[in-house]
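A.B. asks: need a structure here:
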Amino acid sequence: MKRGHSLPLEYHRILLDDLTRVEAYDRAIRRLIRPGDVVLDVGTGSGLLALLAARRGARVHAVESMPVARLARAFVEQNGFADAVTVHEADLVEMAPVEPVDLILGEFIGRFLVDDRMMDAVDAAGRWLKPGGRCCPAKITLRIAPVGNIPVPQIDLWAKPLLGLDLRSAARWSQDAMSNVDLPPGALLADPADWHVWVPPGPPPPFAGDATFRIERKARFSGIVGFFEAELAPGVKLSSGPGQTTHWGQVLFHTPPLALEPGDVLNVHLEMEPGEDLDFWWRVSQVRDGTEIATCTRQTGYPAEVDVPIPPAPVGPAAAHLARAHADLRRGHLASAIAAMEDATRTATPDEDALALDIW
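C.D. replies: From the prediction side, this is the model:
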């Protein structure tokens, strides 16, 4: 069975339309490639990186296991590089090296590296590399950080009534998951920490690690965000971190919405279990003044049982106004519902911070 991404042309358009990605690779190729270099392009896709390398005077073996290899071949011929680029429609893991190469080139990163499922191909590419050869990217660092005060629709939906129905039994299930997000820098509650470092083309070290974060401001904890930073060439880096304009975005590891205070410490353990499913599990503990006051453990692919305890309904003046607003909306009384929402905003107490997203 062939490895690879059997994806429509639209996927490749999105990759080519990501100018942050494209221009970073172009700068790296200009710095790394010398005329006469032999290059292996791992998972060439539509062939862009192979074409950029050939334009710098390299001779390129572009390997792609999926039918998009035929489009790459058409682009090579259309742009006049048929003598410089050979497109191999093959599985790189099973393919014997054609000749030693000076540079392994590829965009095999994914939103959080492992989701691109190309590490086996990159490991196999190492068989082609000359002694002293180079790889682009030269290093990939996965980073994590706590984030807060952001909407998480995958969790928030279950915390409020829907047409008068109580859905809170799903709240715990929704936390055994990770989701794709695109966050602003202001969502970070502490500086990011390095969680995993891979120097390709060798096999990556185990995907497991710990990090400690000191919270800088009061916030409603929304989860742990993960993203990558790739060193493509000396002085050329590519990041998918919050605030970066890329097609990747970040991954968010869901957690309960803890109330954080300045000076709180979050201890985080995150690891990925080996296997085809790419299951992660993570543990977060909240420490205040040296005492652990909250802890949670979550894992993708293993949802909690349906009979988990139902979270208590919020109590307080804002909660009462909010309940009245929901009731008025169900009856179609928009003006009175808006007035009740205004009352909820005006009367909310610090103990009712969890209602902020619902009021908003």
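A.B. asks: got any ranges where the chain has weak pLDDT?
C.D. replies: Counting by pLDDT under 70, the low-confidence segments of the chain come to 1-6, 274-276, 301-316, 319-320, 322-324, 326-332, 350-360.
A.B. asks: report the longest strand in it, please.
C.D. replies: Taking DSSP state E as the criterion, the chain has its longest strand at strand 219-233.
A.B. asks: Could you list the paired strands of that strand along with their orientation?
C.D. replies: Sheet pairing of strand 219-233 (DSSP bridges) gives strand 139-148 (antiparallel), strand 236-239 (antiparallel), strand 250-253 (antiparallel), strand 259-260 (antiparallel).
A.B. asks: and residue 172, what element?
C.D. replies: Assigned by DSSP states H and E, residue 172 falls within helix 171-174.
A.B. asks: Tell me which other helices or strands that helix touches.
C.D. replies: If you count contacts as 3 or more Cβ pairs under 8 Å, 6 or more residues apart in numbering; DSSP states H and E, helix 171-174 packs onto helix 153-156. (C-beta placed from N, C-alpha, C; glycine too.)
A.B. asks: Distance from the chain centre to the helix it packs on, please.
C.D. replies: For helix 153-156, the separation from the chain centroid amounts to 17 Å (computed by Cα atoms, centre = their mean, to the nearest Å).
A.B. asks: That helix packs against which elements?
C.D. replies: The helices and strands touching helix 153-156, judged by 3+ Cβ pairs under 8 Å, 6+ apart, are helix 171-174.
A.B. asks: Next secondary structure after the helix it packs on?
C.D. replies: Next in sequence after helix 171-174, counting helices and strands by DSSP H and E, comes strand 178-181.
A.B. asks: give me the element residue 45 is part of.
C.D. replies: Per DSSP H and E, there is no helix or strand for residue 45.
A.B. asks: Pull the number of nearby residues for it.
C.D. replies: 24 (other Cβ atoms under 10 Å).
A.B. asks: So it versus residue 110, what's the distance?
C.D. replies: Distance of residue 45 to residue 110, computed by Cβ to Cβ, to the nearest Å: 13 Å.
A.B. asks: again, but for residue 75
C.D. replies: Per Cβ to Cβ, residue 75 is found 23 Å from residue 110.
A.B. asks: And residue 259, by the same measure?
C.D. replies: 33 Å.
A.B. asks: Over to residue 255?
C.D. replies: Taking Cβ to Cβ, one finds residue 255 at 22 Å from residue 110.
A.B. asks: ok so, going back, output the longest strand of the chain in PDB, but only the C-alpha positions, please.
C.D. replies: Below are the C-alpha coordinates for strand 219-233, written out as PDB (Å, rounded to 0.1, in the frame of the first residue of the first chain):
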ATOM      1  CA  ALA A 219      -7.400  34.300  32.900                       C
ATOM      2  CA  ARG A 220      -9.800  31.500  32.000                       C
ATOM      3  CA  PHE A 221      -7.600  28.600  31.000                       C
ATOM      4  CA  SER A 222      -8.500  27.300  27.500                       C
ATOM      5  CA  GLY A 223      -5.900  24.600  26.900                       C
ATOM      6  CA  ILE A 224      -2.400  23.900  25.700                       C
ATOM      7  CA  VAL A 225      -1.500  25.100  22.200                       C
ATOM      8  CA  GLY A 226       1.100  23.400  20.100                       C
ATOM      9  CA  PHE A 227       3.000  24.600  17.000                       C
ATOM     10  CA  PHE A 228       6.300  24.200  15.200                       C
ATOM     11  CA  GLU A 229       9.400  26.200  14.400                       C
ATOM     12  CA  ALA A 230      11.500  24.900  11.600                       C
ATOM     13  CA  GLU A 231      15.100  26.000  10.800                       C
ATOM     14  CA  LEU A 232      15.200  25.700   7.000                       C
ATOM     15  CA  ALA A 233      18.700  27.200   6.500                       C
END
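A.B. asks: Buried residues, it. List them.
C.D. replies: Residues of strand 219-233 classed as buried by neighbour count (16 or more other Cβ atoms under 10 Å): 219-233.
A.B. asks: Stretch 109-116 too?
C.D. replies: By neighbour count with 16+ other Cβ under 10 Å, stretch 109-116 contains the buried residues 109-114, 116.
A.B. asks: and that stretch, how far out from the chain's middle?
C.D. replies: Using Cα atoms, centre = their mean, the offset of stretch 109-116 from its chain centre is 7 Å.
A.B. asks: next one: stretch 165-182
C.D. replies: Using Cα atoms, centre = their mean, the offset of stretch 165-182 from its chain centre is 18 Å.
A.B. asks: swap in stretch 91-111?
C.D. replies: Averaging C-alpha positions (Cα atoms, centre = their mean) puts stretch 91-111 23 Å from its chain's average.
A.B. asks: Could you do stretch 268-282 as well?
C.D. replies: With Cα atoms, centre = their mean, you get 14 Å for stretch 268-282.
A.B. asks: Give me the buried positions along it.
C.D. replies: For stretch 268-282, by 16+ other Cβ under 10 Å, it's 268, 270-272, 278, 280-282.
A.B. asks: measure it end to end?
C.D. replies: By Cα to Cα, to the nearest Å, the extent of stretch 268-282 from end to end equals 7 Å.
A.B. asks: try stretch 40-52
C.D. replies: End-to-end distance of stretch 40-52 (Cα to Cα): 13 Å.
A.B. asks: mind listing the strands in the stretch 1-150 of the chain by residue range?
C.D. replies: Using DSSP state E, counting those that start in this stretch, the strands of the stretch 1-150 of the chain run over residues 38-42, 59-64, 85-89, 101-106, 129-136, 139-148.
A.B. asks: Quick check: which of the ones you listed is nearest to residue 155?
C.D. replies: Within the strands of the stretch 1-150 of the chain, the stretch nearest residue 155 is strand 139-148; the backing value is 12.9 Å (Cβ to Cβ).
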